[in-house]
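K.L.:
Provided below are the primary sequence and the corresponding predicted coordinates.
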Amino acid sequence: LHEYPGQDGGIRMRNPLKQILMSLAACVLWGNSSLAQANEQPNVVLMMVDNLGWGELGVYGGGVLRGAATPRLDALAEEGMRLLNFNVEPQCTPSRSALMTGRRPIRSATTRVVWGVPYGMVGWEVTMAELFSDAGYSTGMFGKWHLGDMPGRFPTDQGFDEWYGVANTTDESEYSSQFQFDASVSGQPMIQEATRGETPRDVKPYTLASRREIDGELTSRAIDFMERSVASDEPFFAFVPFTQPHLPTLPHPDFDGITGNGHYADVLAEIDFRSGQILDAISDLGVEDNTIVIWLSDNGPEYFQPWHGTAGPWRGSYFTAWEGSLRVPFLMRWPGRIEAGSTSNEIVHLVDMLPTLGRVAGYDVPDDRIVDGVDQLDFFLGEQDTSNREGFIIYNNDDVYGYKWRNWKLHLIELENMNSDPRPLNVPRVFNLITDPKEEYEIQEEATWILPIIFEKIVAFEKTLIEEPPVPFGVPEPYEPSN
């Protein structure tokens, strides 16, 4: 007997003989469509975890050292490519915006996590989901959005055919359990669902109890979406932004205590299991060879105890410009196309995903606005050894905190952690990330040659904000740029 997910997201047992018979039936139902897909547009499954640091998975030096083995994700790394220098934004909203648009969040007014004002991506932005849809894909999202909670800015307003999850952040699951909570004033945070063009429906309150169960539900719904897409002979884009391990880092009841090493380790085991469930479903559907799987984190690790994580050899946690905030795990598999077991320390940024996937899905990158991402497909396929990117400017909120270029890191503002005060530096600090991964020993006197190079790059980027003014912060819908 083997474990498998029940409809409620919990763990059940599976009889192998029964599974073989079910798989044979699936071959009859989906065999023709799976064969048809073999030479067509590849499916794309993009799993994103929330605030998992670089050092958590076994294949990144964590796993059993963090209290829970991660065999499924370690195996995924061996089946495809593992990046050691994949970079994101310092906060949840900007990272998700960068992924969806291929644009740096400073352009889209999505640089920070906010409350009380219209926030998120305006409808004018062109998202990855819209591009996939235009290219003939069925599109489904199952998880945390955090890019707008008003009409016009929900996932199903931005290119997804269907969505189940939470519009904002997992912090909201704590609200109803907190001191003097008053739902009549604040409203009860809800888990919602919607299909394209309709107003999201409240499914149930997002509480500490439902917080424990939601990632199991997201997994089941993502699998159901993939099954329906294959049955209808449609290429699919499944975006699965899990809520774990964002605080409160509480495991599904079936995983509570499973490691004996506390809730964080239990959640790490659950993350590995949920990812494995989706990988198994891809295999069971017979579309493994024609499906690109991408697995990544949106930010560096949590800061607050007892939910804090680790970035391994890198310094810091999210909401900062330290390497531990920006550098996260990234795994990518495409059987027969991406070399199994390949590893690289070349710089890649989250904005690169939109143009890279465009070449395999058959959509065009928008040319009526600045797109910061670069096409990395040849690099991923092993047709070149180097990335098409040498570095990127580092924003935190609306401020330039520094620049990362090759193995160098320049800091203009220093922020130790999300609760400390930012400290503008009179003289920039320079670190070499090869010799000093913790960014502790500045070597400015040995590296002044890079200062004019990096400042020229900073100025060049900031000039583009004059050429194409950013979306104004807090702007209501509908929005159209003046130029």
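P.N.:
Noted; the coordinates are in hand. Numbers count the residues shown, from 1 in each chain.

K.L.:
Going by C-alpha atoms from here, please, whenever you check contacts or count neighbours.
P.N.:
Will do.

K.L.:
Now stretch 285-295: average pLDDT?
P.N.:
Looking at stretch 285-295 alone, the average pLDDT works out to 98.

K.L.:
count of neighbours near residue 54?
P.N.:
32 (other Cα atoms under 10 Å).

K.L.:
err, residue 116, not the other one
P.N.:
Residue 116 is flanked by 6 other residues according to other Cα under 10 Å.

K.L.:
Next: the one 4 residues further on.
P.N.:
The tally of other residues near residue 120 (other Cα under 10 Å) stands at 28.

K.L.:
show me what contacts it?
P.N.:
Each residue near residue 120 by Cα atoms under 8 Å, 6 or more residues apart in numbering is listed here: 93, 109, 110, 146, 147, 148, 149, 153.

K.L.:
Identify the residues contacting the last one.
P.N.:
Okay, so that is residue 153. 120, 121, 122, 123, 147.

K.L.:
can I get those in CSV with pLDDT and secondary structure?
P.N.:
Converted to CSV, those look like this (pLDDT from 0 to 100; DSSP: H, G, I helix; E, B strand; the rest coil):
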residue, pLDDT, secondary structure
120, 93, coil
121, 96, coil
122, 97, coil
123, 96, coil
147, 97, coil
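
K.L.:
Quick check: the farthest pair among those residues?
P.N.:
Taking Cα to Cα, the two most distant members of these are 123 and 147; they sit 11.0 Å apart.

K.L.:
Show the residue spans covered by the strands in the stretch 151-300 of the chain.
P.N.:
162-166, 190-195, 201-205, 236-241, 291-297 (DSSP state E, counting those that start in this stretch).

K.L.:
Can you point out the buried residues in the fourth one?
P.N.:
It stands for strand 236-241. Neighbour-count burial for strand 236-241 flags 236, 237, 238, 239, 240, 241 (criterion: 16 or more other Cα atoms under 10 Å).

K.L.:
Low-confidence ranges, this structure, go.
P.N.:
Residues of the chain that meet the criterion pLDDT under 70 lie in 1-39, 444.

K.L.:
relative to strand 201-205, how tilted is the longest helix along it?
P.N.:
Determined from DSSP state H, the single longest helix within the chain is helix 208-231. Angle of helix 208-231 versus strand 201-205, following axes from the mean of the first three to the mean of the last three Cα atoms, to 10 degrees, is 140 degrees.

K.L.:
if we can go back for a sec, quick one, which of residue 123 and residue 147 is more surrounded?
P.N.:
Neighbour count, other Cα under 10 Å: between residue 123 and residue 147, residue 147 has more, with 26 against 18.

K.L.:
mind checking how far the residue lying closest to residue 90 once chain neighbours are set aside is from residue 301?
P.N.:
Closest residue to residue 90 apart from its sequence neighbours, by Cα to Cα, 6 or more residues apart in numbering: residue 319 at 4.7 Å. Applying Cα to Cα, to the nearest Å, the value for residue 319 to residue 301 is 10 Å.

K.L.:
the more surrounded of those two?
P.N.:
Remark: of residue 319 and residue 301, residue 301 carries more neighbours, 30 against 26, as counted by other Cα under 10 Å.

K.L.:
what residues are up against the more buried one?
P.N.:
Contacts of residue 301 by Cα under 8 Å, 6+ apart are 51, 52, 53, 54, 308, 309, 310, 311, 317, 318, 324, 325.

K.L.:
thought residue 381 was touching residue 338?
P.N.:
Yes. Between residue 381 and residue 338 there is a contact under Cα atoms under 8 Å: 4.9 Å.

K.L.:
Between these two, point out the one with more neighbours.
P.N.:
residue 338 (21 against 15).

K.L.:
thought that one was touching residue 383?
P.N.:
No. Assessed by Cα under 8 Å, residue 338 is found out of contact with residue 383, at 9.9 Å.

K.L.:
And the contacts of stretch 368-380?
P.N.:
81, 101-104, 338, 349-357, 359, 365, 384-389, 468.

K.L.:
Before I go, just wanted to say thanks for your time.
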